[in-house]
Each structure stands twice: as C-alpha cells, then as structure tokens.
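J.: Provided below for reference: sequence and predicted model.
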Amino acid sequence: MSDDTQSVPGTVGLREIHLALVGQHTRYMLKAYLRHVFMVTSVLLAIALTIDLWPQFHIIANGQGHGALNAIWNVLRFSALRTPNLVAPFLPFATFLGVVWTEVVHTQSGERMLVWNSGRSPLQCLTPVVFLATILGAGEFIMDSYLGPAAMTVQMHERLGLDGKRLDRTRRGDDHWIALSGGLLRTEIEYGPPPVLHNLTLYKRSAGGQLTELDVAAVAYQLPGKNLWLMRNGRFWTPEGSPASNDMTYSTVAPGDAADDTMVPFAERAVSLELDPLWLSVFGMEPQYLPMHELRPLARSDRGPQSKGLYRTRLQVLYGEIVLPGAMALLAASLSMLFLSYSTPVKALIGIVFVGYLAHFGTKACLLMGQNGYMPPVMAGWLVSACLLGATLAVFGVIERQRKG
C-alpha cells in the first residue's frame, strides 16, 4: 500500500513517491487501527460490564417498571450509563493492543514489506498513528472528563445501581469523621448545596494534642465569611470553664479529662471550621465522578488535611490522558517495526504485550501514589506518557541504526 503517486517529467515508467498525510496507505492503516482498537475495547468492555453488573443485576432489572421488556431496557440503559466510566481506564491499553494487532496483520500479509519497498521510511509510517493518537486522545479526555461524570450524575439522581444509591446527594445517613487542621469533626452531612451539618461533635485540640474545646450541636450552617459556621441548639465545653448558669447547665459525658465537666448550652454559637462547602457537597464521591466545573476549584484548594493532592492528581491525570493513548500507540507501532518487521515470533509478541501491560500498570500505580501524597500530582499525571514517548524515541534510534547498517 503506497501513497498517491505522480509521474516524474522526462522519465518513462518512473514515479515519484510523496508522503501524503491522507494518502491511500494512511487511510488504510488508520481504518485498520480504529477497527482493531474498537474490537479490543468491545471485548474488554464486555468483561468489565459483566463484573460490574453481576452483583447488582437484580437491583437494575427490577428497578423501574415490571416485566421482561422493562427489565431488558433497564439493564441496557444502565449498561450505557456505566460504559464511559468503565471504558476510560483501559482505553489506552486497548489502544496498545489494537495497534499491535494491526501491525501483526500488516506483517503477516506481506503489506509491510510492500510499503517499505515503495520507499516509505519507518518514521513516515507513523502518520496514521499520529492521526489515531489525535482521535483517541480527544475521545479519552471527553469520555473521562465529561461523559463519565454526567452519566454518574444521572445514576445518582435516579439512584440507579449500588453506586447511584451510595452517592445519592439527597440522603443523609451515617456519621462521618473529618480530620481538621486543629481537631476532629463527627457529623452527618446534608450535601446541598449549600451543605448543612447535622448532629455534629467538634473536638478542638492544641498543638500538643490536648483537648481544648468540645462543641456539640444539632445543626450548623456556613456564615458569610471565610471558615465561619453558625451552630444551633447545642452545648460546649472548655478546660478554662464557661460562665455558670443555674438553670441552663447539665452534666454530660465527654472524652478524656472532660468526662465529668459541665457543658454549657447555647442557642447559637459561631465557630471557625476550615471546611470548604464545595468539598463537603461532594464528600464521599470518588474524584473520577466529579465534573470539571467542580474538580478545577477543588484542585486549586487541594492542599489541606482533607485531601492532600487527591483532586490535583485527578486533574493532572485527565490532562495527561490527552497524550496517553497516543503515547501507547506510538510505542506499540515502534516496537512492532523493530521486532515484527519480517515475521511475528511468539516471544517477541508476548514481550511487546507485556511492555504495554507494564505501562498500563504504571498509570494506575502513579494515580494511587499521587492521590495518597507519595508523588507530586504533575508527575503522577505525566510520568508514564513521558516515559512512553522517550522509549519510542529510543526504539526509533535503534531502527535508524539498523537501517544504516
């Protein structure tokens, strides 16, 4: 398969070969890449959907309406809603496998030899891979940044499936423990927005770890101003004591040395709490389910004890996904040109696939290390892509040396 050609003036039977960005070879290879990537993605999606649906199949099938047709429709609709969040994590690896599959077919059919004999260099053969990288990079970013969170919003709103019920923002359930820079908070959260705290207990401590204040309240609302919350219908305790009241004090059991101290009731009390209302409204939600208009402001303020890089890592990973499928495709194509040029030995094929799996594992490892504070967010989002591009350059250096030799 060669690109479009034209006759050279003054010669007979000779044709000059030009690199056409959308020539016959480029179109042919791009279609093959897309076809095989789609086939690999479909197989992996079928496996992922089976694993995802199995523990909640009865919940989905018996959700809305009754009868066999309604059950089938519920399962199909739920599967469509789950698809973006299931496909996005493995699409780069599926791209790698699809490109390797195409290159194997390209070699076994003799097409690679025909193309190289036409004068096209290995570097020029990367043109369809670059187009593939552009298409899949944009698709991966849109799917993971917008389609996935939008699909989860529908599941949460309709309380579909286990995750939809677990992340429902209209419910108020179990107590949550929240670590603050100056203490610890136990509360039930009405997510809002704006968020409201119910049945809260606030433990404030000194730098040495001693309990300095205990606040218990039925409800708390954020006041205008930074980190200021209004607690209502509660009581408080401090080690220095509080103004006594003959008819408004009573004993309660508090932790530590405050177990037998008197707590003072109050109708309203303003306290300082380092709580971001946006962070509270998405409390308990995994970062991959957050839309971009919420993720970006959370990433800008993601430096306190509440997260420590969780949202910044997620944002950098999303930006890195624009490049990641293309980097996987480039490495797969370059390794195939190096080791599968004239034949497809099993050992070489297994080794190439293993390299792709290592890259896939590396993306997950970097994500976990970044979200848990063991790696800077920028490094977590871009390290694997940078290594893949560097490896591609190294492989092409070897290919060029072999060609000159």
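T.: It's in. Residues are numbered from 1 along each chain as shown.
J.: which parts of this protein belong to which domain?
T.: 5-163+319-404, 176-281 (automatic domain parsing).
J.: next structured bit after the lowest-mean-pLDDT helix or strand in the chain?
T.: When the helices and strands of the chain are scored by mean pLDDT, DSSP states H and E, strand 250-251 comes last with a mean of 32. Remark: after strand 250-251, the chain's next helix or strand is strand 262-272, criterion DSSP states H and E.
J.: that next one packs against which elements?
T.: If you count contacts as 3 or more Cβ pairs under 8 Å, 6 or more residues apart in numbering; DSSP states H and E, strand 262-272 packs onto strand 211-222, strand 228-237, strand 250-251. C-beta coordinates here come from the backbone N, C-alpha and C atoms, glycine included.
J.: can I get the ones you listed in a markdown table with distance to residue 51?
T.: Below are the helices and strands packed on strand 262-272 laid out as a markdown table (distance: least, Cβ to Cβ, whole Å):
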| stretch | distance to residue 51 |
| --- | --- |
| strand 211-222 | 41 |
| strand 228-237 | 42 |
| strand 250-251 | 54 |
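J.: so where do the helices sit in the stretch 101-250 of the chain?
T.: 111-117, 127-142, 148-158, 161-166 (DSSP state H, counting those that start in this stretch).
J.: between those helices, which one is nearest to residue 380?
T.: Across these, residue 380 has its closest neighbour in helix 127-142 (16.6 Å, Cβ to Cβ).
J.: and the closest one, what does it pack onto?
T.: Where contact means 3+ Cβ pairs under 8 Å, 6+ apart, helix 127-142 is packed against helix 24-53, helix 68-108, helix 324-339.
J.: in contact with the most centrally placed residue in the chain, which residues are there?
T.: The centre of the chain sits closest to residue 288, judged by Cα atoms, centre = their mean, with a distance of 4.4 Å. By Cβ atoms under 8 Å, 6 or more residues apart in numbering, the contact set of residue 288 is 85, 88, 144, 148, 149, 314.
J.: tell me which of those residues is nearest to residue 322?
T.: Using Cβ to Cβ, residue 144 comes nearest to residue 322 of these, at 10.1 Å.
J.: run a quick neighbour tally on the residue nearest to that closest one when sequence neighbours are not counted.
T.: Distances taken as Cβ to Cβ, 6 or more residues apart in numbering place residue 88 nearest to residue 144, at 3.9 Å, with adjacent residues excluded. Neighbour count for residue 88, taken as other Cβ atoms under 10 Å: 21.
J.: can I get the helices of the stretch 101-250 of the chain in TSV including mean pLDDT, mean neighbour count and distance to residue 375?
T.: Below are the helices of the stretch 101-250 of the chain laid out as TSV (pLDDT from 0 to 100; neighbours: other Cβ atoms under 10 Å; distance: least, Cβ to Cβ, whole Å):
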stretch	mean pLDDT	mean neighbour count	distance to residue 375
helix 111-117	81	16	39
helix 127-142	95	20	21
helix 148-158	94	18	23
helix 161-166	90	18	27
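J.: winner for burial among the domains of the chain?
T.: domain 5-163+319-404 (a mean of 17; mean count of other Cβ atoms under 10 Å).
J.: quick one: that domain to chain centroid distance?
T.: Centre-to-centre, domain 5-163+319-404 and its host chain are 16 Å apart (Cα atoms, centre = their mean, to the nearest Å).
J.: separation between the nearest residue to residue 135 once chain neighbours are set aside and residue 117?
T.: Among residues not flanking residue 135 along the chain, residue 34 sits closest, at 7.4 Å (Cβ to Cβ, 6+ apart). Applying Cβ to Cβ, to the nearest Å, the value for residue 34 to residue 117 is 26 Å.
J.: ditto for residue 379
T.: Relative to residue 117, and taking Cβ to Cβ, residue 379 is found at 44 Å.
J.: how about residue 181?
T.: 68 Å.
J.: likewise for residue 387?
T.: Going from residue 387 to residue 117 by Cβ to Cβ gives 34 Å.
J.: what's the closest non-adjacent residue to residue 314?
T.: residue 287 (3.8 Å).
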